[in-house]
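Student: Based on what follows, work out the 3D shape:
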Amino acid sequence: MKKLSLRSGLLATTTICGAALSTMAGGALVATVATMLPAVAQAQDYTSGALLGTVTDSGGAPVAGATVTLTSSAQGQSRTLTTNASGQFSAIGLLPGEYTYTVSANGYDDATGTATIVISQEVRYDIALNSTGATQTVVVKGKRVRQDFTKTTTGLTVDLDTLVSQQPIARNLNAVTLLAPTVTRGQTGNGGFEKSSSFGGGSVAENAYYIDGLNITNPDTYVGGNQVPFDFYKTIEVKTGGYAAEFGRATGGVVNATTKSGTNEFMFAIHGNYAPKDLGADQLDTYSYTGKFDKTQENSLSVEMGGPLIKDHLFAYGLYQMNDNVRETGNFRTGAFTRLKNQDPFLGAKLDAYFTPTQRLSLTYFDTSREEIGDVYDFDGETVGNQTDRTVETLGGESYVLNYNGQLTDWFTISAAYGDTKDADNFLPGNLTDYNVASYYGTDGIYTGGSETISSAQPSLSVSVDNVERKFYRFDGDMRFELAGRHHVRFGYDHEENTMEKISTLVGTQPVSYSYETNPDSSVYGTAGAPAVGSTDPNSVLHVIYEFLGGNVSAENSAWYIQDSWDITPTFNVQVGVRNDDFTQNNLSGQRYLNLTGNIGPRLGFSWTPDTDGNWKVYGSYGSNFIPPAMNLGYRGKDLYFEALFAQPAGGWDIDPSTGLPTSVGAPVVDIPTGFSAPCPDTPASASINSAPGLSSYVVGTAACNVHGNGSQEGATSKTSIGLQATEEDEIILGTTYRFNDMWTFGLSYINRDLKRISEDSDFQTAIIDYLDANGLDSSIYTDGTISNSYYVWNVGDHDVTINLKQPLAGETETRTITLTADQLGHYHDPKRNYQALVFDWKRAFDGKWGLQGSYTWSRSYGNYEGTVKSEVGNSQQDDAGATIAFDSPGFEDYATGLLPNDRTHTLKVWGSYAFTPNFMIGANVLVQSPAHFSCLGYHPTDPYAGSYGPYSHYCGGVGAVQGKGLKSDWTKNLDLSFRYTVPEKYAIGGNLVLRADIFNVFDNHQILQRRLTYETTGVGVVSSNYGKTTYYNTPRYVRLGFDLSY
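Tutor: Next up is the predicted model:
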């Protein structure tokens, strides 16, 4: 028997827009021919892929009964398949990696070759066999298609080892997602949004992140997820759109990663990365920070081991990473130099067990627990002084996931998973007993410890606890059959239970903070410094805040789906799927307040190959996606949160010079435009406000407080509107790809995403009062401060809404259900967010010498709603997902429609590598992107409610300022370079040694990423001298050195 050898190596690392990407195989003169024609792909689950094919003779007739043997190059498992009457075979539930195959049939020469299985994808081959004895001599090239999910998913898939060996890349998940078209880095700001990505114009809180099928997305805010070291990943799949019914709980993108596994070969490797702060260039000064004190250090040493515990059946892999990370900043406005240090290690491990070649069980475990120590020092802009505080932030947690995959018959496969992930973000100042005291000066409040405040022992303001846990299970099935064509039906169900302990409180023996201010005789106050001891200034007041928020909340999310991938003809495939999502949440008292069920969305698509050789493909998709409400919503439902103002005591202020605390206060200040006329709440004996310094005269029930929450649990039926539905976005994609030759592939696609509905909160207080007054009902509980606000989560828009009141009206015992008209609500605008993009992408597969890949995207994100979080809230960012200020009052919507914060008109991404010699390679990564469009924000001149929030409305100097028509960031122009040298074997310490050097931002371009957006300080027309000043630049040039030593 003569055998045909075909070679298809893992030379390409990414797939864009489902493009057919080929790898160059070595040509060979052979006596027989087996022609490999890969077809389009059909998806597998979160952790595996599949190989499908058809065996024919040289004339194209199917070969029934042919034997196909498929063997894993890594784990040694073999499967023997038999083609059916149509010559078809399938092997599903395969771990990603390299496989060898042999095809044999009576009367034909054998065909052998290799195939690469990719996460969540199928590879299809048409294999044409020649009759035994054929003597034709031809050159054969192996070809491979790396299609993304079901031929309609856009995005990319990367093998991390290959990526690191060829490209300069920051060692985090977000850096990989940013390689994909239509993905943009979140806006830089104090909310840390720049650490996450915007997919298709959405906010950074609308994505889902998975590791080995385990959802690691942060359920509190949906911003990012649990952080896992780079070396633990095997592959990362970035789904930017068109994903099938199996994937959901995202209106942005899905990032699906797998971890490494042990193989039949023992391996040991050490990876070192050294990015010291001294090798980085200086940052420029901003109006708050001294640039030369802005430094980052990221050093790590990883040790990984893997191999067989039982050859061909049981495999183990483990990674241990030691870290030495430092982040330093110097803020001369607050007078604080901060050094954050993280030196805790990471541990990850994985076991893979094969009971039979078609029955696999895997267990993944990792621990991201770590502490970030923050040392705070006095700082005058040039000199670091004495230490004033030490904070501890506890992060991360333990996670595990168990996956099973089994092929029961030739046509039916099942998979199941169970897992648990924990994450934390707990912030504790070093001093938990002293109180925070602040004085207000000029236009900004400075907390104690700043250069222009009174002396105090407490530089921190608050303590926060945020512990989350997600448990889940899922079941999936795959059926394959023929009925008017070939069908692959995939269906499944998954369920997750989320719990969160979240508490935020002011630091001190009691949860109280103090600030000295001018007499608040208008809606805005706070323009003077602290009073002198003994001051009798009649305008001087003490502002006291008592705050204790949160507790334990829970949520459940479940979904079922079914999708049929139907090959109507060999060149035309349709995808017909549907997904149903159910979202529920319970409040701090365990009562269900959210019940968003029946969120049914279609997932439809098609793929057509017009030409017979399969080089050209046209595809399209339509889908509706829903996102669960963040658990942050439930955490704010039992607040004990209020404010009080006190005049100076008789004889003037008596202030402790070491702490800034008063020994006593005068009478309450009441009936001012900002409120302070509601009955003052009681506080628990264990945290009594009367025990706080100087506040023994506080009297419960006095009509002298501004009450945001009195500690009572709001009713489960009065948190949301009646008939509330989940946020929904529709997406349409049309595209085409063309494989020019074995090396070059080009793609062109159009994306349209349109927001159909949102669930957000608004304050209906004014509308409720209007309703009650119009209907002759007693509105006193809303006007006397008993109920200071009436926030409801609803489907925002210019329409009526039905709600249950927070509590019974005066003299009544039952809460009323009322319907507020659009007129009473003030005619909220319908939410709008439309994203359109035209993407041109290309790839030149790496052939051992050079490779190039990239994309150009023209896009437009336009509307009045950024998403579930908000990048521009004054000079801050708001990660209260689903409860931003965007629709708190109709006044916030004035001039709010325009270019949204994540809009970038032009984006060019290019990366590639060139091997000068077999041992030396240079890689490059280029990003050119047009500016972000900012808003001008100030006080609302005609809506007192919106104005009371501060300078957060789209008005500047009393004149409307259209969203996105204010200032801009700079163009981003960035070049990163990488250098790789493979040390000759005789010098490589008995192993394989690669030396690495990466230079990021080679030309040290200092581009403005964010500016100060508040035009005014204390009121309409009071212009801020800091408006438009730079708050953040891009990261300056830095160098990372490293090595990879493997055995």
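
Student: residues contacting Leu777?
Tutor: 771, 809 (CB atoms under 8 Å, 6 or more residues apart in numbering). Heads up, the C-betas are built off the backbone N, CA and C, glycines and all.

Student: Distance from the chain centre to the host helix or strand of Thr745, please.
Tutor: Here Thr745 sits within strand 744-757, counting by DSSP states H and E. Chain-centre distance of strand 744-757: 20 Å, with CA atoms, centre = their mean, to the nearest Å.

Student: and that strand, what does it pack onto?
Tutor: strand 727-739, strand 833-844 (3 or more CB pairs under 8 Å, 6 or more residues apart in numbering; DSSP states H and E).

Student: Just put those strands in a markdown table and tack on mean pLDDT and mean neighbour count.
Tutor: Output for the helices and strands packed on strand 744-757, formatted as a markdown table (pLDDT from 0 to 100; neighbours: other CB atoms under 10 Å):
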| stretch | mean pLDDT | mean neighbour count |
| --- | --- | --- |
| strand 727-739 | 96 | 21 |
| strand 833-844 | 97 | 20 |
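
Student: follow-up on the earlier one: can you list the residues that contact the following helix or strand past the strand holding Thr745?
Tutor: The helix or strand immediately downstream of strand 744-757 is strand 759-763, counting by DSSP H and E. For strand 759-763, the external contacting residues (CB under 8 Å, 6+ apart) are 596, 629, 633, 720, 724-727, 789-796, 825, 828, 831, 865, 882-884, 886-889, 945.

Student: care to break the protein down by domain?
Tutor: 3-147, 759-825 (automatic domain parsing).

Student: among the ones you listed, which is the most enclosed?
Tutor: domain 3-147 (a mean of 20; mean count of other CB atoms under 10 Å).

Student: tell me the mean pLDDT for the strand holding Thr745?
Tutor: Throughout strand 744-757, pLDDT has a mean value of 97.

Student: Alpha carbons only: can I get that strand in CSV?
Tutor: Provided in CSV are the C-alpha atoms of strand 744-757 (Å, rounded to 0.1, in the frame of the first residue of the first chain):
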residue,chain,number,x,y,z
TRP,A,744,-3.3,35.8,1.7
THR,A,745,-6.9,36.2,2.9
PHE,A,746,-9.0,39.3,2.8
GLY,A,747,-12.3,40.1,4.4
LEU,A,748,-14.9,42.9,4.3
SER,A,749,-17.8,43.2,6.7
TYR,A,750,-20.6,45.5,7.8
ILE,A,751,-21.9,45.6,11.4
ASN,A,752,-25.0,47.3,12.7
ARG,A,753,-25.9,47.1,16.4
ASP,A,754,-29.1,48.8,17.6
LEU,A,755,-30.2,49.2,21.2
LYS,A,756,-33.8,48.2,21.5
ARG,A,757,-34.5,48.6,25.2
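
Student: the helices in the stretch 551-700 of the chain, which residues?
Tutor: Under the criterion DSSP state H, counting those that start in this stretch, helices of the stretch 551-700 of the chain are mapped to 632-635.

Student: In it, where is pLDDT below threshold?
Tutor: Counting by pLDDT under 70, the stretch 551-700 of the chain has low-confidence residues at 672-674.

Student: what's around Tyr987, how many residues?
Tutor: 7 (other CB atoms under 10 Å).

Student: residues touching Glu98, list them.
Tutor: Going by CB under 8 Å, 6+ apart, the list of residues near Glu98 reads 10, 72-74, 114-117.

Student: Which of the helices or strands spans it?
Tutor: strand 97-104.

Student: Need the domains of the chain in CSV (columns: distance to Lys295).
Tutor: Conversion of the domains of the chain to CSV gives the following (distance: least, CB to CB, whole Å):
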stretch, distance to Lys295
domain 3-147, 33
domain 759-825, 39
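
Student: Lowest average confidence across those domains, which one?
Tutor: domain 3-147 (a mean of 63).

Student: what about the strands in the stretch 351-500 of the chain?
Tutor: Using DSSP state E, counting those that start in this stretch, the strands of the stretch 351-500 of the chain run over 359-367, 370-379, 384-395, 398-407, 412-429, 436-441, 444-447, 462-482, 486-506.

Student: ranking those by burial, who's on top?
Tutor: Highest mean neighbour count among these (mean count of other CB under 10 Å): strand 436-441, a mean of 23.
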